[in-house]
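J.: Please find the sequence and the predicted model below.
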Amino acid sequence: MRKFLIVTADDFGLHQAVNEAVETAHRDGVLTAASLMVAAPAAADAVRRARRLPGLRVGLHVVLADGVALLPPQRIAALTGPDGRFGDRMFVNALRYFALAGVRRQLEAEIRAQFAAFRDTGLALDHVNAHKHFHLHPSLLAMCLRIGAEFGVRAVRVPQEPLWFSRRGGARFAGPAGALLLAPWLALMKRRLRGAGIDYNDRIFGIARSGAMDEATLLEILARLPPGATEIYAHPAAGGGPVAASMQGYRHQDEFAALLSPRVRAAIGAAGVEVGGFADLAKARGRRIA
């Protein structure tokens, strides 16, 4: 397969500044896709913007950690606090999701509600992923695939970053040790996706440099881009300051500027890279197979 690139903005709907950056970076820059948080404060604004951007591929960013739930707290009391927010103790919660059937039932209800809310937007579902890549958890992935099949899921993000890039940042699971730790879960994820007939990217860039995907970083990635399907994701926002408490230190404006950079656009063109969303990737693979 030739080089195919998906450039995604995560957390679409989190804040109006994020939505503004997504719209501008798609219209005037290199952004091709966005992952929508359906329960986030600015989700309605994000959907309005997406409806006037027919070329923007929009997927569902399932939130099950460090964010707002869609269902009321009394229905999912094992998942959220009284304020309706998920906690950020992902390791502890991951163990609970394995062990407790009652918790899994509440998870399924919340995941189904988020899929239904996306369907109700009327937007075409380009892909599915999860906030903080929590869909790497086998139980959550199984739920997303089972429930997603009812809503037409055709593609899922695989959060597998090349080792040369993962060494560059301070990501929790970056570097050789992290790669070794995640390898069996990533292999299981790919096996399940193939078995379900779900498309996915070959590699991703953005984990190790989360919040710091600036122009220089994008140019370095593009200079080393191999054949196959690559996803680059970022957290752009227009305006200053973090858009969430958990994003202290994120350079949202630098990422926004990178997506608008003429040098980045020129590098994509010079490399002969085909761009689009996951739906376009599926078509590209189909043309190759045919």
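T.: Right, received. Where do you want to start? Numbers count the residues shown, from 1 in each chain.
J.: make it CA atoms for all contacts and neighbour counts henceforth
T.: Fine.
J.: distance between the ends of stretch 238-255?
T.: Its start and end residues considered, stretch 238-255 measures 10 Å (Cα to Cα, to the nearest Å).
J.: Now do the buried residues in it.
T.: Neighbour-count burial for stretch 238-255, with 16 or more other Cα atoms under 10 Å as criterion, is recorded at 238, 242-243, 250-255.
J.: now do stretch 211-218
T.: Of the residues in stretch 211-218, those buried by neighbour count under the rule 16+ other Cα under 10 Å are 211-215, 217-218.
J.: and which of those is nearest residue 2?
T.: residue 218 (19.0 Å; Cα to Cα).
J.: isn't that closest one right up against residue 258?
T.: Yes. Between residue 218 and residue 258 a contact is recorded at 7.3 Å, counting by Cα atoms under 8 Å.
J.: Name the residues contacting each of those two.
T.: With Cα atoms under 8 Å, 6 or more residues apart in numbering applied, the overlap between the contact sets of residue 218 and residue 258 consists of residue 264.
J.: how near is residue 59 to residue 37?
T.: The gap separating residue 59 from residue 37 is 9 Å, by Cα to Cα.
J.: Please identify which of these two sits among more neighbours.
T.: Between residue 59 and residue 37, counted using other Cα atoms under 10 Å, the more crowded position is residue 37 (30 against 27).
J.: How about that one: what's its closest non-neighbour residue?
T.: Among residues not flanking residue 37 along the chain, residue 61 sits closest, at 5.2 Å (Cα to Cα, 6 or more residues apart in numbering).
J.: Name the secondary structure element that contains the one you found.
T.: strand 57-62 (DSSP states H and E).
J.: Please give the number of neighbouring residues around the closest residue to residue 51 other than its chain neighbours.
T.: Residue nearest to residue 51 in three dimensions, not counting chain neighbours: residue 123, with 7.3 Å by Cα to Cα, 6+ apart. Applying other Cα under 10 Å, we find 15 residues neighbouring residue 123.
J.: cool, the one 4 residues further on as well?
T.: Taking other Cα under 10 Å as the criterion, the count of residues near residue 127 is 25.
J.: if I read this right, it contacts residue 152, doesn't it?
T.: No. If you go by Cα under 8 Å, residue 127 and residue 152 don't touch, sitting 9.6 Å apart.
J.: Walk me through which strands the longest strand seen in the chain pairs with, and which way each runs.
T.: In the chain, taking DSSP state E as the definition, the longest strand is strand 3-12. Looking at strand 3-12 with DSSP bridges, its paired strands and their directions are strand 33-36 (parallel), strand 228-234 (parallel), strand 274-275 (parallel).
J.: Run a quick neighbour tally on residue 88.
T.: The criterion is other Cα under 10 Å. On that basis, residue 88 has 14 neighbouring residues.
J.: Alright, I will stop here.
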